[in-house]
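# Pasting the sequence and the predicted coordinates here, then a few questions.
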Amino acid sequence: MQRLDGGSAIPRDLAGGIVALGNFDGFHLGHQAVVGAAIARARAEGRPALVATFDPHPVRHFRPDTPPFRLTTLDQRERLFAAAGADAMVVFRFDGDLAALTADDFVEHRLVAALGVGGVVTGEDFTFGRHKGGDVALLRDAGLRHGFHATAIGPVTLDGEPVSSTRIRDALRAGDPVAAARLLTRPFAIRGVVEHGDKVGRTIGYPTANLNMGKYLRPAYGIYAVRGRLADGRVLGGAANLGIRPQFEPPKELLEPYFFDFAGDLYGQTIEVELIEYLRPEAKFDGLDALMAQMEADCARAREVLSGGHP
């Protein structure tokens, strides 16, 4: 799996490929349908299969003060695209220059000249170019002029409603990671480097691996049953506090997973923490004894959840 700069000419062995084009933040069921169609067509025609995404998200460029909303990092998307069968990920850096391109210029300079596309697959509602001047109809017309085909995939529905990143974000903000996982086809996962913290958890028998939330969407603050995936491939069950730790001063926003039956040193390591089930909101207790009693109950509940066959 190669990661390519969408502003540069593509390697010759990947030219003429079928490109799935979209933001694909989250890579949910709907995104999977678009990418799957592109890969299937590429295989049928004997062409490379590429997935093109934008980073940062266009919303971040046009509205930089928007609160964090990302569902995946580029690294996560790269692994997901590779697992789906893509040969390469193309990253269009969304900056002022890209935002200024008309839809026709984007097709001519980025899709045709740089990528040499043999075909483009996108969602029916995808728009691109300055002032969102490009859509599927423009792509089809451009394809006739430049010698590539353009295909649009309709919305994928679940429970009678279209699957969307907005639905997933709403579910996570509401403290429903189970609903989000159904739309994503996997648990929502936060990936980051384990930081040194105040080490309070270690003193009370619950050492945690502290992660900064970075640019990820903020799910509902509270306690979660989680799974941690370590760099060496190990998968650990645990319970995590996601929020500002109201028991301690000063407030500090962190994801703090405590992994069961684990005593290793994770500082400086990159791990991924999956939110499996929301257990309760954050709370402040009357002293450490009350907090520790609740943590014991939370861990018992998390073990029960994780042993129940959640995906």
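Cool, the structure landed.

# got the buried residues for stretch 90-97?
For stretch 90-97, a neighbour-count test (16 or more other Cβ atoms under 10 Å) marks Val90, Val91, Phe92, Phe94 as buried. Quick note: C-beta positions are derived from backbone N, CA and C, even for glycine.

# Next, format those as a markdown table and append distance to Ala137, pLDDT and secondary structure.
Rendered in a markdown table, the data for the buried residues of stretch 90-97 read as follows (distance: Cβ to Cβ, whole Å; pLDDT from 0 to 100; DSSP: H, G, I helix; E, B strand; the rest coil):
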| residue | distance to Ala137 | pLDDT | secondary structure |
| --- | --- | --- | --- |
| Val90 | 23 | 97 | strand |
| Val91 | 26 | 96 | strand |
| Phe92 | 21 | 95 | strand |
| Phe94 | 23 | 93 | coil |
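
# what would these look like in CSV with distance to Val194?
As requested, the buried residues of stretch 90-97 are exported to CSV (distance: Cβ to Cβ, whole Å):
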residue, distance to Val194
Val90, 31
Val91, 26
Phe92, 31
Phe94, 30
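
# now, which of these sits nearest Arg77?
Ranking the buried residues of stretch 90-97 by separation from Arg77, with Cβ to Cβ as the measure, puts Val91 on top at 9.1 Å.

# any idea how far Pro56 is from that closest one?
Val91 sits 10 Å away from Pro56 when distances are taken as Cβ to Cβ, to the nearest Å.

# what's the least confident helix or strand in the chain, going by average pLDDT?
The element with the least model confidence among the helices and strands of the chain, by mean pLDDT, DSSP states H and E, is helix 200-203, at a mean of 56.

# In contact with the residue nearest to the spatial centre of the chain, which residues?
Centre of the chain computed as the mean C-alpha position; nearest residue by Cα atoms, centre = their mean is Thr72, 1.8 Å away. With contact set as Cβ atoms under 8 Å, 6 or more residues apart in numbering, Thr72 has these partners: Asp25, Gly26, Phe27, Leu80.

# Could you do Asp261 as well?
With contacts defined as Cβ under 8 Å, 6+ apart, Asp261 is in contact with Leu236.

# hang on, it in a helix?
No: counting by DSSP: H, G, I helix; E, B strand; the rest coil, one finds Asp261 to be coil, located in no helix.

# the helices in the stretch 151-300 of the chain, which residues?
In the stretch 151-300 of the chain, helices defined by DSSP state H, counting those that start in this stretch lie at 165-173, 177-184, 200-203, 288-306, listed in chain order.

# Now do the last one, average pLDDT.
The average pLDDT for helix 288-306 rounds to 91.

# Surely Pro58 touches Asp95?
No: no contact is recorded between Pro58 and Asp95 when judged using Cβ atoms under 8 Å, the distance being 10.4 Å.

# Now do the domain split for the protein, please.
For the chain, the structural domains run 2-158, 186-306, going by automatic domain parsing.

# hang on, the earlier thing: dump the contacts of Thr72 into CSV; add neighbour count and pLDDT as well.
As requested, these are arranged in CSV below (neighbours: other Cβ atoms under 10 Å; pLDDT from 0 to 100):
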residue, neighbour count, pLDDT
Asp25, 23, 94
Gly26, 25, 93
Phe27, 27, 97
Leu80, 22, 97
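
# Would you point out the most distant pair within those residues?
Most distant of the contacts of Thr72, by Cβ to Cβ, are Asp25 and Leu80, 11.0 Å apart.

# in the stretch 151-300 of the chain, which spans are strands?
For the stretch 151-300 of the chain, the strands identified by DSSP state E, counting those that start in this stretch occupy 157-158, 161-162, 189-193, 222-229, 235-243, 254-259, 270-280, in order along the chain.

# Direction included, what does the fourth one pair against?
So the one you mean is strand 222-229. Applying DSSP bridges to the sheet, strand 222-229 is found paired with strand 235-243 (antiparallel), strand 270-280 (antiparallel).

# For the protein, give me the ranges with low pLDDT.
Applying pLDDT under 70 to the chain picks out residues 197-205, 246-249, 309-311.

# Contacts made by stretch 145-154 with the rest, please.
Stretch 145-154 is contacted by residues 30, 33-34, 37, 41, 107-108, 111-112, 117-124, 126, 136, 139-140, 142-143 when judged by Cβ under 8 Å, 6+ apart.

# List the buried residues for it?
When burial is assessed from 16+ other Cβ under 10 Å, stretch 145-154 yields the following buried residues: Phe148, His149, Ala150, Thr151, Ala152, Ile153.
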